[in-house]
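[1] Generate coordinates for the sequence data below:
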Amino acid sequence: MKNKLCVALLAVASVAYLLRRQGKRWGATEDEVHRTLPGDDLVPHPMLETTHAITIHASPAAIWPWLVQMGYDRGWWYTDERWYQWVDKYLWKAKPHVSPDQIVPEFQRLAIGDIVPDGPPGSAYFTVAALEPQRELALYSTTHLLLFAPASVRNNPKGGLYGEFSWVFLLEEGGEGLTRLIVRTRASYGPRLYRMITLPMLYPGDFVMARMMLQAIKQRVERSGEGGDQTAEQVVEDDSLLSRREAD
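    Take a look at the predicted model:
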């Protein structure tokens, strides 16, 4: 009986370790996980950090437009619709959506200081903290982590809730037409009791979200690349040319 209990506990511990490991670093190399990346200074002392990555057969110029158009009621986050069913049920009323399979010209203009919504007005949103075309897109939020708390606690000024969250997308060009898309998440929030309750959910949630998103971006970029890479500037120029032709 004791042996069976030990085996069961060992199995549970092993599964928990693997889930936590995948939640912290799906697809990322040792170097990508451990080195300092651009945007780390947004949350200098994180209580949670994850690094996920994927290799895409395309240039950074071909991938960049797909990142720029992300956001609620924009290009969304390239996740499965079932993800937003969960969000709808537990966090806020999210409208039905389908992420586009093409680059959307009207969402290709983004600058530092712009707001990238992640839900309906009054819910969560990001601020563009850093932007280097075809290299880095850093999003920063003080709204996301607090939404896990009940409204009665969240809206209580004496509750002591605080939180900051950075989501940084990096493009690193390799050889032979390959690019690494790296996503690093860093978060700091509290108080301690709130952190202890929510932390077990954040690692698997981040893993599921990042994995779906990275794989969907890879599929879209590589599928569109079959007809040739197209940059954001080319998309906007083509759209403007088409509009002028239609006006004529």
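
[2] Please identify which helix or strand holds the nearest residue in space to Trp66 that is not next to it in sequence.
    The shortest distance from Trp66 to any non-neighbouring residue, by Cβ to Cβ, 6 or more residues apart in numbering, is to Ile217 (5.4 Å). Every C-beta, even on glycine, is put in place using the N, C-alpha and C of the backbone. Here Ile217 sits within helix 192-224, counting by DSSP states H and E.

[3] which other helices and strands contact that helix?
    helix 2-25, strand 48-56, helix 60-68, helix 81-90, strand 179-190 (3 or more Cβ pairs under 8 Å, 6 or more residues apart in numbering; DSSP states H and E).

[4] Next, the angle strand 179-190 makes with that helix.
    Computed by axes from the mean of the first three to the mean of the last three Cα atoms, to 10 degrees, the angle separating helix 192-224 from strand 179-190 equals 160 degrees.

[5] What average pLDDT does helix 192-224 get?
    Per-region confidence: helix 192-224 scores 85 on mean pLDDT.

[6] Tell me where the model's unsure across this protein.
    Filtered on pLDDT under 70, the chain yields the residue ranges 1-23, 81-96, 148, 150-159, 226-248.

[7] hang on, Thr127 packs against Ile115?
    Yes: here Thr127 reaches Ile115: they are 6.1 Å apart, a contact under Cβ atoms under 8 Å.

[8] higher neighbour count, the two?
    Taking neighbours as other Cβ atoms under 10 Å, Thr127 and Ile115 compare with Thr127 leading, 15 against 10.

[9] Let me know the secondary structure of the more buried one.
    Of the three states, Thr127 takes strand under DSSP: H, G, I helix; E, B strand; the rest coil.

[10] bridging residues for it?
    Ile115, Tyr140 (DSSP bridges).

[11] Can you give me the neighbour number for Glu176?
    5.

[12] Okay, it and Asp206: tell me how far apart.
    30 Å (Cβ to Cβ, to the nearest Å).

[13] one step back: compute the inter-axis angle for the helix holding Ile217 and strand 48-56.
    If you take the same axes, to 10 degrees, helix 192-224 sits at 10 degrees to strand 48-56.

[14] For helix 192-224, list every residue counted as buried.
    Within helix 192-224, the residues that count as buried by 16 or more other Cβ atoms under 10 Å are 194-195, 198, 202-203, 206-214, 216-218, 220-221, 224.

[15] repeat for stretch 179-193
    Buried residues in stretch 179-193, counting neighbours by 16+ other Cβ under 10 Å, are found at Thr179, Arg180, Leu181, Ile182, Val183, Arg184, Thr185, Arg186, Ala187, Ser188, Tyr189.

[16] List phi and psi for Val33.
    Backbone geometry at Val33, expressed as degrees, to the nearest 10, gives phi -70, psi -40.

[17] Name the nearest residue to Tyr78, ignoring sequence neighbours.
    Distance criterion Cβ to Cβ, 6+ apart; nearest residue to Tyr78, sequence neighbours excluded, is Ala216 at 3.6 Å.

[18] give the contact list for the one you found.
    Counting by Cβ atoms under 8 Å, 6 or more residues apart in numbering, Ala216 makes contact with Tyr78, Thr79, Ser99.

[19] Put together CSV for these, with secondary structure and neighbour count on each row.
    Output for the contacts of Ala216, formatted as CSV (DSSP: H, G, I helix; E, B strand; the rest coil; neighbours: other Cβ atoms under 10 Å):
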residue, secondary structure, neighbour count
Tyr78, coil, 20
Thr79, coil, 19
Ser99, coil, 19
